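*Asks:* the amino acid sequence is not available; the structure is as follows:
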Ligand SMILES: [Zn+2]
């Protein structure tokens, strides 16, 4: 019997969970969840066109998108819901800690040329590309704008996001026509609808 005891003692470390514990796998993302990041905020206004600041337009679209996604049955996390100053780390940490399945950062472009206007989406990781492409396609087609496609951009938020992530640059806030559309039509609601379509298409539902 002695040899059996010896064998057990020798083999014990092989089965000891403290020695051979598997690396903890990262927790699974929350199904059908979206982290919405309204770009800029607080002291960081982004670009502007007269009385319209990008931080406010971003939050307007982000809040509309939050409502639409929630109504459609998605779980939504927001990096900000008011006029707060956030760092990039505040943004990606919030989305990562909530285990969001995807991240959409809502921005609008700016140019010194008030005639420039098109849609584009930014990505960093290979796993961002499908989401970025879907966002650019839906926004450009539903806002009737040229689609400039996707572009790689080393943003702090995109770099550190655990999940597929994109920065949507839906249109140029500095464009004169866009300013008039925002003031006289439901332009921002149309954009939120386009982003909703992009999320539905991305998740295949
Ligand atoms: Zn911006």
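*Replies:* Done, it's in. Everything numeric here is computed off the predicted structure, so don't read it as measured data. Residues are numbered from 1 along each chain as shown.

*Asks:* contacts, neighbours, all on C-alpha from now
*Replies:* OK.

*Asks:* please enumerate residues in contact with stretch 52-61?
*Replies:* The contact list for stretch 52-61 (C-alpha atoms under 8 Å, 6 or more residues apart in numbering) reads 38-42, 44-48, 81-83, 106-108, 173, 188-189, 191-192.

*Asks:* of those, just the buried ones, ChimeraX syntax please.
*Replies:* Applying 16 or more other C-alpha atoms under 10 Å to the contacts of stretch 52-61 leaves a buried subset, and the ChimeraX line that selects it is:
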select :38,39,40,41,44,45,46,47,48,81,83,106,107,108,173,188,189,191,192
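
*Asks:* quick test: name the residue nearest the centre of the protein.
*Replies:* The centroid of the chain falls nearest to residue 104 when counting by C-alpha atoms, centre = their mean (1.8 Å).

*Asks:* any idea whether that residue is helix, strand or coil?
*Replies:* The three-state label given to residue 104 by DSSP: H, G, I helix; E, B strand; the rest coil is strand.

*Asks:* stretch 158-171: which residues count as buried?
*Replies:* Applying 16+ other C-alpha under 10 Å to stretch 158-171 flags 158, 160-171 as buried.

*Asks:* tell me which of these fall in strands.
*Replies:* Here DSSP state E is the test, and the buried residues of stretch 158-171 give 165-171 as lying in strands.

*Asks:* could the residues you listed be laid out in CSV, adding distance to residue 62?
*Replies:* Formatted as CSV, those follow (distance: C-alpha to C-alpha, whole Å):
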residue, distance to residue 62
165, 15
166, 14
167, 12
168, 11
169, 13
170, 12
171, 14
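
*Asks:* tell me who's in contact with the residue nearest to the centre of the chain.
*Replies:* So residue 104 contacts 34-37, 165-168 (C-alpha under 8 Å, 6+ apart).

*Asks:* a markdown table for these, including distance to residue 132 and pLDDT?
*Replies:* Formatted as a markdown table, the contacts of residue 104 follow (distance: C-alpha to C-alpha, whole Å; pLDDT from 0 to 100):
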| residue | distance to residue 132 | pLDDT |
| --- | --- | --- |
| 34 | 14 | 98 |
| 35 | 14 | 98 |
| 36 | 14 | 99 |
| 37 | 14 | 98 |
| 165 | 7 | 98 |
| 166 | 5 | 98 |
| 167 | 7 | 98 |
| 168 | 7 | 98 |
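
*Asks:* wait, which of these is closest to residue 66?
*Replies:* Nearest to residue 66 out of the contacts of residue 104 is residue 36 (C-alpha to C-alpha; 7.4 Å).

*Asks:* next, give phi and psi for that closest one.
*Replies:* phi -100, psi 130 (degrees, to the nearest 10).

*Asks:* then residue 116?
*Replies:* phi -70, psi 130.

*Asks:* in contact with it, which residues?
*Replies:* So residue 116 contacts 172, 174-175 (C-alpha under 8 Å, 6+ apart).

*Asks:* could you do residue 70 as well?
*Replies:* Per C-alpha under 8 Å, 6+ apart, neighbours of residue 70: residue 76.

*Asks:* what does residue 190 give?
*Replies:* Per C-alpha under 8 Å, 6+ apart, neighbours of residue 190: 142-143.
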